[in-house]
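# Provided below are the primary sequence and the corresponding predicted coordinates.
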Amino acid sequence: MQKPDLTPKDYADILNNVPEGLFYRFPLCLVNGVPLMKHIAEQWEGVEKFQARPDDILIATYPKAGTTWMQEIVDSIMNNGELEKNKRAPTHVRSPFLEICSPPPVPSGVDILNNTPSPRLVKTHLPFKLVPESFWEHKCKTIYVARNAKDNAVSYYFFDRMNKTQPDPGTWDQYVERFLTGEIAWGSWFDHVIGWWNAKDKHDVLYMFYEDMKEDPKREIRKVMKFLGKNFSEEVLDKICQHTNFKAMKENPMANYSTVPNMLLDQNLSPFMRKGEVADWMNYFTESQNKMFNMEYEKRMKGTDLKFRTNI
């Protein structure tokens with residue numbers, strides 16, 4: 001049982017003192033048809049019944065689609081461009097991960113959020129159908145970031161190699177097939193991006209594209225700023241752009257996950273922030289993989305007006 005006065009700082013301290021052997025590559029279990037890590041599935045009731053607050057801001061993505069980038073952008077905006085405030089804690093403390101669950105003594109995302117003062121920045125990788133209803137009941141502002149499937153697959157593969165709590169990704173060839181069938185943590189990329197796309201007009205959801213953010217960061221940050229009801233000068237916007245560019249974030253210990261122990265995220269295998277590029281998939285997809293991927297992609301995306309760019 002977690003202590004009732006748990007704070008985000010407690011979480012950071014616990015992570016840095018986890019006992020050897022507490023973490024391992026957790027198997028996946030289905031939750032309403034979506035594969036999630038065993039500990040999330042076992043504590044699903046707490047996630048499902050999570051009570052959002054009206055001023056919560058939900059940042060939703062499929063894994064490795066620009067989550068940390070958007071978290072840093074939103075935190076910068078909510079701090080009115082006073083970037084020193086972003087240094088108060090690492091990303092996973094400033095913007096807790098709603099559904100994450102681990103073995104005790106590590107607190108769950110729900111535990112942390114319940115002890116986080118408002119306004120809260122909430123991170124999730126859940127597909128729309130699994131997001132707690134309380135977010136929609138309270139009409140919470142939600143920002144969704146989508147990334148083209150090929151780059152997303154490459155980035156997720158390298159992440160699953162270094163993330164010691166998710167199933168071993170196997171070879172790149174095996175991973176491509178599993179990505180297409182959705183047999184990886186958080187399930188199908190197709191279901192995820194389409195589900196959120198269909199939800200965007202029914203709820204207060206700003207749907208963003210990773211490729212647009214890379215093409216013109218200032219333009220896209222301005223969209224987020226307006227969505228959150230803020231109005232900054234061009235000078236402040238420029239500061240936020242500089243603070244949240246890939247190089248700056250990769251060198252920022254409050255954003256690059258270097259504060260998380262290697263037994264969880266082994267950055268000797270691959271950096272958490274690896275390349276942050278568009279069209280990196282061209283360096284990994286073979287001709288046959290690309291052909292197979294394109295065929296499945298065309299089939300799965302048929303009937304939706306959701307469009308992605310695989311190059312800019």
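Done, it's in. Residues are numbered from 1 along each chain as shown.
# Backbone dihedrals for the closest residue to N32 other than its chain neighbours, both of them.
Closest residue to N32 apart from its sequence neighbours, by C-beta to C-beta, 6 or more residues apart in numbering: L130 at 6.3 Å. All C-beta spots, glycine's among them, are computed from the backbone N, C-alpha and C. The phi and psi values for L130, taken as degrees, to the nearest 10, are phi -100, psi 0.
# burial measure for L130, as a count.
L130: 20 surrounding residues under other C-beta atoms under 10 Å.
# pretty sure it is in contact with V31, am I right?
Yes: the pair L130 / V31 is scored as a contact, 6.8 Å apart, by C-beta atoms under 8 Å.
# Name the residues of stretch 157-168 that are buried.
For stretch 157-168, the buried set under the neighbour-count rule, 16 or more other C-beta atoms under 10 Å, comprises 157-167.
# Give me the helices and strands touching the one helix or strand V122 maps to, please.
According to DSSP states H and E, V122 maps onto strand 121-124. Here strand 121-124 touches strand 57-61, helix 67-78, going by 3 or more C-beta pairs under 8 Å, 6 or more residues apart in numbering; DSSP states H and E.
# what is the mean pLDDT for it?
For strand 121-124, mean pLDDT rounds to 98.
# for stretch 29-42, same thing?
Averaged across stretch 29-42, the pLDDT comes to 96.
# gap between the two ends of that stretch?
9 Å (C-alpha to C-alpha, to the nearest Å).
# Can you classify N268 by secondary structure?
Following DSSP: H, G, I helix; E, B strand; the rest coil, N268 is assigned to coil.
# which non-adjacent residue is nearest it?
Using C-beta to C-beta, 6+ apart, the closest residue to N268 is N262 (6.7 Å).
# what do you get for Q242?
A248 is the one closest to Q242 (C-beta to C-beta, 6+ apart), at 6.4 Å.
# Outside of the strand holding V122 itself, which residues are in contact with it?
With contact meaning C-beta atoms under 8 Å, 6 or more residues apart in numbering, strand 121-124 is reached by 52, 56-60, 67, 71, 74-75, 78, 94-99, 113, 131.
# After it, which helix or strand is next?
Next helix or strand after strand 121-124 toward the C-terminus (DSSP H and E): helix 134-137.
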